[in-house]
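Peer 1: Turn this into a structure:
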Amino acid sequence: MRILIVGSGGREHAIAWALSKSPQVERIYCAPGNAGIAEIAACVPIGEMQFEALAQFALQQEIDLVVVGPEAPLFGGLVDVLEEKGLKVFGPRKDAAIIEGSKVFTKELMKKYNIPTAAYETFDDYEAARAYLLKQQAPIVIKADGLAAGKGVTVAQTLEEAEQALCGIMVEKVFGEAGSKVVIEEYLSGQEMSILAFVDGETVRPMVPSQDHKPVYDGDRGPNTGGMGTYSPVPHIPQSVVDEAIETILKPAARAMVQEGRPFRGVLYAGLMISEKGEPKTIEFNCRFGDPETQVVLPRLKSDLAEILLATVEGRLHEVEIEWSDEAAVCVVLASGGYPGPYEKGKPITGLDQVEHSLVFHAGTALQDGQIVTNGGRLLGVTGVGRDITEAREIAYADIEKIRYEGKHYRTDIALKALQAMKG
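Peer 2: Numbering: from 1, shown residues only. Predicted coordinates:
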């Protein structure tokens, strides 16, 4: 198989790494890719939103399968464009990618099909939203309706903070048109968990669960990011709760999309909150592999990823057996100093050749005069794999010590929640 991966982040590097292990795969291309992906795939200088150029390249290279990583080209309709030209594509069409592309659509879908989620109201008028907000109690959650690169959600601890977020989204337009509508939602407390699933219409094949760390600083402090680290499994959440989430949230969501005439095919990602009583509720749905969840989920996959992706695209996911390892994986994200605010690019990264035991997935890196340099906010995902969370964590943090660049920033507490909860 000749495969084209669209994207340039840590998620795409993890997908390329997993596909490179398949005996069915003879060649991998990535558009545009990054410095790490270039070690296992041929990177081509085509941006993820250059739909016609991607289509032409795929046709010229006789690509057997296109795998679309990020949400923006999915919501923009890349799958539709490529399929019209006769290409096989893993990822939802535009009408199904709306499950991530519009939070208003998704909240209304969950309400209609009785899928557990937080109470909410939606608004397209700032004054009406503000008037409603001022009658609520904090903490409260403010969400921009559209895509905002994982940064469009504010968990406000005070009404003043909520009002600032609302103004930023709807008046100052910090997320552009993504903020023309907002969702104001009740705050859910408990343990977060992500479950990703391969979905082909009504066939849902869940992956192993993981837990992400969004805030930039230790102790879940500071602004939200695209994700500062993650781990899998989530040993302090019982399998019965995972099973309940699959039966009451993921499977009904897939059925609902079919009933709405928007059948979903690709990876459906459910971001969940597990209450103190062990009841799962939906925080969000995404229409693709998570980043950095993919960096801990795919290292635990024992089955052939290429076969799973192809079966999903061809409507025969129900025929494929998917096996997972019992090992644990912990991924710690290394970021640029200043992220998620302004940061500098072009800082040399050294020590990568000294990493011994971890998988290193590149995100915001580039090759400049033969040297790997910083080229984004989130730079690298260092994933340790071990017998349990403790060992996987030790492996990742030991290798992080060897990587050096100016302004190096990472959280030191990834997966500690799991260890503390298990002790408690």
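
Peer 1: in the stretch 251-400 of the chain, which spans are helices?
Peer 2: 251-259, 294-297, 305-313, 389-400 (DSSP state H, counting those that start in this stretch).

Peer 1: Need the CA coordinates for stretch 32-52. CSV is fine.
Peer 2: Below are the C-alpha coordinates for stretch 32-52, written out as CSV (Å, rounded to 0.1, in the frame of the first residue of the first chain):
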residue,chain,number,x,y,z
PRO,A,32,3.5,18.7,4.8
GLY,A,33,5.0,16.6,7.6
ASN,A,34,7.8,17.7,10.0
ALA,A,35,11.5,17.0,10.8
GLY,A,36,10.7,13.7,12.7
ILE,A,37,8.1,12.4,10.1
ALA,A,38,10.8,12.9,7.4
GLU,A,39,12.8,10.1,9.0
ILE,A,40,10.1,7.5,8.1
ALA,A,41,8.1,9.1,5.3
ALA,A,42,8.7,11.3,2.3
CYS,A,43,7.5,14.8,3.2
VAL,A,44,6.0,16.9,0.4
PRO,A,45,5.5,20.7,0.7
ILE,A,46,1.7,20.8,0.3
GLY,A,47,-0.3,22.4,3.1
GLU,A,48,-3.2,20.6,4.7
MET,A,49,-5.8,23.1,3.2
GLN,A,50,-4.4,22.9,-0.4
PHE,A,51,-7.1,20.4,-1.4
GLU,A,52,-6.6,20.4,-5.2
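
Peer 1: Could you list the residues in contact with that stretch?
Peer 2: For stretch 32-52, contacts defined as Cβ atoms under 8 Å, 6 or more residues apart in numbering pick out 5-9, 12-13, 16-17, 20, 27-31, 53-54, 57, 68-70, 72-73, 76-78, 81-82, 360-367, 372-373, 375, 380. Backbone N, C-alpha and C define where each C-beta goes, glycine included.

Peer 1: ok so, going back, of the helices of the stretch 251-400 of the chain, which is nearest residue 115?
Peer 2: Residue 115 lies closest, by Cβ to Cβ, to one member of the helices of the stretch 251-400 of the chain: helix 251-259, at 5.3 Å.

Peer 1: Can you give me the buried ones in the closest one?
Peer 2: Residues of helix 251-259 classed as buried: 251-257 (neighbour count, 16 or more other Cβ atoms under 10 Å).

Peer 1: What of stretch 126-144?
Peer 2: For stretch 126-144, the neighbour count (16+ other Cβ under 10 Å) marks 129-130, 133, 139-144 as buried.

Peer 1: And for that stretch, what's in contact with it?
Peer 2: 103, 118, 121, 123, 152-159, 161-163, 165-167, 169-171, 175, 178-179, 182-187.

Peer 1: residue nearest the centroid of the protein?
Peer 2: residue 290 (1.8 Å; Cα atoms, centre = their mean).

Peer 1: That one touches residue 214, doesn't it?
Peer 2: No: using Cβ atoms under 8 Å, residue 290 makes no contact with residue 214, being 11.3 Å away.

Peer 1: if I look at these two, which residues touch both of them?
Peer 2: With Cβ under 8 Å, 6+ apart, residue 290 and residue 214 have common neighbours residue 227.

Peer 1: Residue 325 versus residue 356, what's the distance?
Peer 2: Residue 356 sits 20 Å away from residue 325, going by Cβ to Cβ, to the nearest Å.

Peer 1: Give me the more crowded residue out of the two.
Peer 2: residue 325 (12 against 9; other Cβ atoms under 10 Å).

Peer 1: Disregarding residues adjacent in the polypeptide, which is nearest to that one?
Peer 2: Among residues not flanking residue 325 along the chain, residue 300 sits closest, at 4.9 Å (Cβ to Cβ, 6 or more residues apart in numbering).

Peer 1: For residue 73, give me the backbone phi and psi.
Peer 2: Dihedral angles of residue 73 (phi, psi; degrees, to the nearest 10) stand at phi -70, psi -30.

Peer 1: coming back round to it: quick one: the buried residues of stretch 126-144 as TSV, columns for distance to residue 197 and secondary structure too.
Peer 2: Shown next, in TSV, are those (distance: Cβ to Cβ, whole Å; DSSP: H, G, I helix; E, B strand; the rest coil):
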residue	distance to residue 197	secondary structure
129	33	helix
130	37	helix
133	34	helix
139	29	coil
140	29	strand
141	24	strand
142	28	strand
143	22	strand
144	25	strand
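
Peer 1: Flag the shaky bits of this structure, pLDDT-wise.
Peer 2: By pLDDT under 70, the weakly predicted segments of the chain are 150, 424.

Peer 1: so what are the domain limits for it?
Peer 2: Listed domain ranges for the chain are 2-91, 125-180, 191-319, 328-423 (source: automatic domain parsing).

Peer 1: Could you dump these into TSV with distance to residue 113 added?
Peer 2: Below are the domains of the chain laid out as TSV (distance: least, Cβ to Cβ, whole Å):
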stretch	distance to residue 113
domain 2-91	21
domain 125-180	20
domain 191-319	4
domain 328-423	31
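
Peer 1: returning to that earlier point: for residue 345, state which of the buried residues of stretch 126-144 is nearest.
Peer 2: Minimum separation from residue 345 among those (Cβ to Cβ) is found for residue 144, which lies at 26.0 Å.

Peer 1: What separation is there between that closest one and residue 357?
Peer 2: From residue 144 over to residue 357 (counting by Cβ to Cβ), the distance is 40 Å.

Peer 1: if we can go back for a sec, could you tell me which of the contacts of stretch 126-144 count as buried?
Peer 2: Buried members of the contacts of stretch 126-144, scored by 16+ other Cβ under 10 Å, are 103, 118, 123, 152-156, 159, 161-163, 165-166, 169-170, 175, 178-179, 182-185.

Peer 1: Run a quick neighbour tally on the residue lying closest to residue 304 once chain neighbours are set aside.
Peer 2: Leaving aside its sequence neighbours, residue 304 sits nearest to residue 22 (Cβ to Cβ, 6+ apart; 4.9 Å). Applying other Cβ under 10 Å, we find 19 residues neighbouring residue 22.

Peer 1: who are the neighbours in contact with residue 22?
Peer 2: 1, 304-307.

Peer 1: Doesn't it lie inside a helix?
Peer 2: No: the assignment for residue 22, made by DSSP: H, G, I helix; E, B strand; the rest coil, is coil rather than a helix.
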